[in-house]
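Sequence isn't available, so here's the structure alone:
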Ligand SMILES: Cc1cc2nc3c(=O)[nH]c(=O)nc-3n(C[C@H](O)[C@H](O)[C@H](O)COP(=O)(O)OP(=O)(O)OC[C@H]3O[C@@H](n4cnc5c(N)ncnc54)[C@H](O)[C@@H]3O)c2cc1C
């Protein structure tokens, strides 16, 4: 401890994550009763199920399928295990660009991401046990009941809200008593959900401001979505509760579950009857095959599951021909790419020391609070303290189907002096120097308005047939003008909110430094805001839809409502790729729900009981 203390006194701020990592390590050993899963070195030749990808969905599947003692399950994961920094909620953005991140970037397009480095948006995805649930901001949001009812109406029986609510609750262990009692929540599941144990005064100001505007302060995961709330998060004792921590660690000793890390799947293997029989993967520089007696399940996420399908011969015939890949099934894989995006530059200045200026919170006191009690500013969910669902003039306010979600942050890209957010978002030097440098270390808050149901859809393409080349990503953000118009209205609602008494007590005012590239437009006009949004576009990381679920009559569908890939047998996709439409909220909890529901469908299809084993009591 003495060494650590003197270290932090002499270290620069750049040392903070390293230091916190060390402290996190001590915390693990002394308090955390869960040990990490073991990386199985010697694999069997055959398994009943091979799951590719240990992310939000894959971790659930590995747990639930290995509940059947006579099923042997292999979980293949390209990445390594979580580390101690990834446990600390407030520093989530530090993980972007690290070895835990696949580090995707979009292709430059003329409608968005214009002020970012190379005209590209960064698309981080978790390359680690737990997948993107290890990089995410831990916000626990389920979406709108109507999303699921619409999925069902699109020809997907069993996916309506009343059905999926059962699976949301099955996973959940809600540790806020006032929420746990609600008929919409539950306790005793594997996934711990709770509000962050610490918040800035700005979080309550935000909720108060919403109420002043006529919105309710309510649980957006409950009966109604529209309204303002303090964020609920997937955290446990103040630390991240990733899907791996929730679903894999408690079952790490099951003899019928093998977890192989650093194992990069290259393709699915088929027999002459188009039956999936195994997976080719590379580990330690060696290409190997492993075989599945029952099924191969792709849970590699909405970018890599379609990538693997295409590498395996399932994709658009012309494109596969062009890439020299033999066709197994002509299918619209990689199309229907959906994401939530928003505006990153909506920043307000305040006159009181109430925000997350980095130098004020990343210090010895905060580290000690976190390490010793699981409390304090380091427990904030990736910086996001509160959420709201609001209606622009394009939504019918009586429908409870809002079109904008607000992410409230008690800070901005200026709060860390350009160390973290600038890099994570890929902000160019020009934009940073002109918009944010002049307000560095000042007290600020921001709202990231996010469009909930974008009209614009993108697509993925293979760069080559080399499995280690990343796919090309064309998000098509705001290619449909209506999306930009909705976001502009979202910006205007946030500005109106800054003028409520609640925010005026702090003298809130919009950052006066303008977006380079938009100054020629009338300042603060709709045209100005649209230009600014197209310059500082941010993904909210909800990539989905690229292996769409739908009935056989749907020409865009890649999997059926039981998530089986059309045109082949014994192959399913179970992850965010299958969403026919992205839900009206953040996608981690919905993807975990998909994992839960798919597990039951698989058990039913193979004639097994769906009765589940509860988690151990001490987690
Ligand atoms: C930075 C960030 C912030 C986010 N914030 C939130 C939030 O606050 N709240 C929220 O609800 N959602 C959030 N999300 C989104 C949410 O985390 C994802 O939607 C969800 O985790 C997706 O789950 P998945 O199972 O589809 O994919 P993933 O969790 O990404 O899992 C895919 C897994 O497959 C592995 N894999 C991929 N290819 C291969 C291969 N070829 N061989 C072997 N393994 C492979 C990957 O390494 C990964 O472990 C965020 C995401 C990111 C990246």
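Received the coordinates, thanks. Note that the coordinates shown come from a computational prediction; the quantities given were computed from them, not determined experimentally.

Can you tell me the closest non-neighbouring residue to the residue in the chain that the ligand sits nearest to?
Proximity of the chain to the ligand (Cβ to the nearest ligand atom) peaks at residue 55, 1.8 Å away. Every C-beta, even on glycine, is put in place using the N, C-alpha and C of the backbone. Leaving out its chain neighbours, the residue that sits closest to residue 55 by Cβ to Cβ, 6 or more residues apart in numbering is residue 131, at 2.1 Å.

Please give me every residue in contact with the closest residue to residue 350 other than its chain neighbours.
Once flanking residues are discounted, residue 350 sits nearest to residue 506: 4.0 Å by Cβ to Cβ, 6+ apart. Each residue near residue 506 by Cβ atoms under 8 Å, 6 or more residues apart in numbering is listed here: 202, 205, 350, 351, 352, 354.

Can you add distance to residue 390 and give these back as a markdown table?
Below are these laid out as a markdown table (distance: Cβ to Cβ, whole Å):
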| residue | distance to residue 390 |
| --- | --- |
| 202 | 18 |
| 205 | 16 |
| 350 | 21 |
| 351 | 26 |
| 352 | 25 |
| 354 | 23 |
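
I'd like to know which of those are part of helices.
202, 205 (DSSP state H).

Most neighbours out of the contacts of residue 506, which is it?
Neighbour count (other Cβ atoms under 10 Å) singles out residue 202 as the most crowded of the contacts of residue 506, with 27 neighbours.

so it sits right up against residue 384, yeah?
No. Counting by Cβ atoms under 8 Å, residue 384 is not a contact partner of residue 202; they are 11.8 Å apart.

Confirm the residue nearest to residue 350 sits in a strand?
No. Applying DSSP: H, G, I helix; E, B strand; the rest coil, one finds residue 506 to be coil, outside a strand.

number of nearby residues for the residue of the chain closest to the ligand?
33.

Equivalent analysis for the one 5 residues further on, please.
For residue 60, the count of nearby residues is 31 (other Cβ under 10 Å).

do the same with residue 325
18.

Look up the pLDDT of the nearest residue to residue 577 once chain neighbours are set aside for me, please.
Spatial nearest neighbour of residue 577, chain neighbours left out: residue 547 (3.9 Å); criterion: Cβ to Cβ, 6+ apart. Looking at residue 547, its pLDDT is 99.

One more: residue 13?
Predicted confidence (pLDDT) for residue 13: 45.

With residue 214 instead?
At residue 214, pLDDT is 98.

near the ligand, which residues of the stretch 101-250 of the chain?
124-128, 131-133, 135-139, 141 (Cβ under 6 Å from any ligand atom).

Now for these: which two are most distant?
127 and 141 (23.6 Å; Cβ to Cβ).

in the chain, which helix or strand is least confident?
helix 2-10 (a mean of 30; mean pLDDT, DSSP states H and E).

Three-state assignment for residue 486, please.
Per three-state DSSP, residue 486 ends up helix.

Could you count how many residues lie near it?
Neighbours of residue 486 using other Cβ under 10 Å come to 23.

can you tell me how far residue 137 sits from residue 60?
Using Cβ to Cβ, to the nearest Å, residue 137 is found at 20 Å from residue 60.

meant to ask about residue 199, not that
To residue 60, residue 199 is 29 Å away according to Cβ to Cβ.

follow-up on the earlier one: ChimeraX command for the buried members of the residues of the stretch 101-250 of the chain next to the ligand?
Buried subset of these, written as a ChimeraX selection, criterion 16 or more other Cβ atoms under 10 Å:
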select :124,125,126,127,128,131,132,133,135,136,137,138,139,141
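
Helix, strand, or coil at residue 210?
Applying three-state DSSP: residue 210 is helix.

so who does it touch?
217, 227, 228, 388, 497.

change it to 7 Å
217, 227, 228, 388 (Cβ atoms under 7 Å, 6 or more residues apart in numbering).

Angles on the backbone of the last one, please.
Phi and psi for residue 388, reported as degrees, to the nearest 10, are phi -150, psi 150.

Please name the residues that touch the nearest residue to residue 258 once chain neighbours are set aside.
Among residues not flanking residue 258 along the chain, residue 40 sits closest, at 4.3 Å (Cβ to Cβ, 6+ apart). By Cβ under 7 Å, 6+ apart, the residues touching residue 40 are 258, 259, 260.

The second one pairs with what?
So the one you mean is residue 259. Judged by DSSP bridges, the bridge partners of residue 259 are residue 75.

Count the neighbours of it for me.
25.

quick one, what contacts it?
Shown in contact with residue 259 (Cβ under 7 Å, 6+ apart): 37, 39, 40, 54, 75, 77, 248.

mind redoing it with 6 Å?
Counting by Cβ atoms under 6 Å, 6 or more residues apart in numbering, residue 259 touches 37, 40, 75.

Same check on residue 390?
Per Cβ under 6 Å, 6+ apart, neighbours of residue 390: 402, 404, 493.

Tell me if I'm right that residue 148 and residue 161 touch.
Yes. Contact between residue 148 and residue 161 holds when scored by Cβ atoms under 6 Å: they sit 4.3 Å apart.

and the residue nearest to residue 350, how far is that from residue 210?
16 Å.

burial count for residue 203?
For residue 203, using other Cβ under 10 Å, the count is 23.
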